[in-house]
Every structure is written in structure tokens, then in C-alpha cells.
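*Asks:* Using only what follows, build the 3D model:
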Amino acid sequence: MANYDPLRDLERFATNLMDPVRRGPRQMPMDLYREGDHYVLAADLPGVDPGSVDIDVDGQLLTIRAERTLNVGEGVKWITREREAGSFLRQLSLGQGLDTEHIAATYRNGVLSVRIPVSEKAKPRKVEVTTEDSGPTLEVNESSQA
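*Replies:* A predicted model of the protein is given here:
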């Protein structure tokens, strides 16, 4: 015999009504850090089929889309359902100085890792300092004519 809990039902109703994220694509939690000459974006996408992950770069806008589906049989009676199916979306504006042609991504253990290289022009470099004294030298040969 199941007990009716009106507070649980009220909480579920309020969450569904007030949570705008549920109506549209969900955001994915992520970390972003620099490692040497690359930026690394690590996004949590547990339970997402790697084939559903789509990454686009349009100018300086990086867009990540993914889809999670829950495979359950027909006639299932849910006791509780906290894992949501649906689409995930994250967009980032990329700054100048990044090599958008060589962005690479991997998906492992529910984490999507996107490596964004720094462009060669944006990497620090040494500039050689010269002095005016280092110009060409002039040699003078004296000849003795009597």
C-alpha cells in the first residue's frame, strides 16, 4: 500500500512549473582551464550517447549539443524518476587568438573534453634586440704612396 505524500507532489509541481531550464535545452556543467598552449573545456554529459554529441564552430561561437534518451520498456511503472531525458546545449563565445581550425574533442566516462589550441600568432615569443652599433663595419686600408 502506497502512502500519499502531498508535500512531495507539491514540490514536484512547483519544480516543473518554476524551473525554466526544464522547458528548453538543459545546460551542461563544465570546467574551463588553460594547459600549456591549449584551453580545455570539460563538460559533464553522463548517460549521453557519444553519437548524439554535436560540436559546431561558427566564427567565434562554439556550440555544443547533446541528447540523452532513457531506454525503458513499455508498461513500466515509475517509482521515482530523477534522471531526465532531453537535449543539452552550451554556447561559448571564443576570444581572439584561438586556432578554431584545430579544435578537437573526446568523450570518455561521461565527460566531453574539448581542446582549443592557442593560435601561433597569440603565443608569447622572444624579440631579438639589436643595437645601432651592430650595423655593418667599414674597413679602411691605408696604402703608402711616396
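
*Asks:* which residue is nearest the centroid of this protein?
*Replies:* Residue closest to the mean C-alpha point of the chain, counted by CA atoms, centre = their mean, is residue 41 at 3.7 Å.

*Asks:* chain center to whatever helix or strand it lives in: distance?
*Replies:* Taking DSSP states H and E as the criterion, residue 41 maps to strand 38-44. Distance, stretch centre to chain centre, for strand 38-44: 5 Å (CA atoms, centre = their mean, to the nearest Å).

*Asks:* tell me the mean pLDDT for that strand?
*Replies:* Per-region confidence: strand 38-44 scores 95 on mean pLDDT.

*Asks:* Pull out the buried residues from it.
*Replies:* 38, 39, 41, 43 (16 or more other CB atoms under 10 Å). In this view, the C-beta of every residue, glycine as well, is placed from N, C-alpha and C.

*Asks:* Sketch out the low-pLDDT regions of the chain for me.
*Replies:* Applying pLDDT under 70 to the chain flags residues 1-25, 134-146.

*Asks:* Could you report the distance from the nearest residue to residue 104 once chain neighbours are set aside to residue 62?
*Replies:* Using CB to CB, 6 or more residues apart in numbering and skipping the chain neighbours, the partner closest in space to residue 104 is residue 115 (4.9 Å). Taking CB to CB, to the nearest Å as the measure, residue 115 falls 12 Å from residue 62.

*Asks:* hang on, the earlier thing: which secondary structure elements does the helix or strand hosting the residue nearest to residue 104 sit against?
*Replies:* Following DSSP H and E, one finds residue 115 within strand 111-117. Helices and strands touching strand 111-117, as assessed by 3 or more CB pairs under 8 Å, 6 or more residues apart in numbering; DSSP states H and E, comprise strand 38-44, strand 61-68, strand 104-108.
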